[in-house]
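Novice: any chance you can model this:
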Amino acid sequence: MTDRDGTRIFYVVADQAGTIPGAAETELLSAQLGRLEPKSEQMGRLENVSAQMSVGIPHAKQNALSGRGESAPSYDPHRVHREFPDRWQAYIRANYRDLNHVQLVFGVSERTARKWWKGETGANGGHVAIAVNEHPVAAPRMLFAAE
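Specialist: Residues are numbered from 1 along each chain as shown. The predicted model follows:
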């Protein structure tokens with residue numbers, strides 16, 4: 001077969017073991033095209049190993065391995081995002097004395113500390129990283145635990 005620009009296209013089909021029927025002819029053809037050296041260790045093997053491996057896998061098994069067709073995750077990521085300010089508030093109130101203590105540890109303004117304390121807003125990733133470093137066991141449990 002020839003492509004639009006005149007490039008020759010070859011289709012090679014492998015069996016389930018990954019070998020190519022007529023491997024000697026394939027090796028000779030590949031060597032002529034400059035893809036393999038004659039009598040190389042790749043004799044009878046496809047160059048694209050991932051494509052070669054997927055040829056012999058039935059669709060249902062391939063979908064199961066790749067995770068396609070599975071049900072929705074056991075948690076709702078949007079719910080986690082909506083509830084994060086409440087989780088952050090619970091963490092802040094459980095681990096810090098007052099707003100000044102929050103300001104000192106996280107390096108935030110009084111306004112931000114107050115919003116955290118009231119549960120109006122959550123923290124960004126950098127502040128969560130500080131929390132995890134400050135309380136390596138309690139912070140992940142309070143902030144990320146599935147309920």
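Novice: what's the domain layout of this protein?
Specialist: The record's domain parsing of the chain by automatic domain parsing lists 1-70, 77-144.
Novice: tell me how many other residues crowd Gly119.
Specialist: Residues contacting Gly119 under the criterion other Cβ atoms under 10 Å number 15. Where C-beta positions appear, they are placed from N, C-alpha and C, glycine not excepted.
Novice: that one and Phe84: what is the separation?
Specialist: For Gly119, the distance to Phe84 (Cβ to Cβ, to the nearest Å) stands at 10 Å.
Novice: pretty sure Arg93 sits against Trp117.
Specialist: Yes. With contact defined as Cβ atoms under 8 Å, Arg93 reaches Trp117; the gap is 6.9 Å.
Novice: give me the pLDDT for Val80.
Specialist: For Val80, the pLDDT comes out at 82.
Novice: could you measure from it over to Phe144?
Specialist: 8 Å.
Novice: where among the domains of the chain is average confidence lowest?
Specialist: domain 1-70 - the lowest mean pLDDT of these, at a mean of 55.
Novice: in terms of secondary structure, what does the helix or strand hosting Ala129 contact?
Specialist: Assigned by DSSP states H and E, Ala129 belongs to helix 125-134. Counting contacts by 3 or more Cβ pairs under 8 Å, 6 or more residues apart in numbering; DSSP states H and E, helix 125-134 is packed against helix 99-106, helix 138-144.
Novice: so can I have CSV of those showing distance to Asn124 and mean neighbour count?
Specialist: As requested, the helices and strands packed on helix 125-134 are exported to CSV (distance: least, Cβ to Cβ, whole Å; neighbours: other Cβ atoms under 10 Å):
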stretch, distance to Asn124, mean neighbour count
helix 99-106, 10, 16
helix 138-144, 13, 15
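Novice: of all these, which one is nearest Gly125?
Specialist: With Cβ to Cβ, the closest approach to Gly125 among those belongs to helix 138-144: 11.5 Å.
Novice: wait, doesn't Trp88 sit right on Ala123?
Specialist: Yes. Between Trp88 and Ala123 there is a contact under Cβ under 8 Å: 5.4 Å.
Novice: between the two ends of stretch 107-123, how far is it?
Specialist: 12 Å (Cα to Cα, to the nearest Å).
Novice: this completes my enquiry, with thanks.
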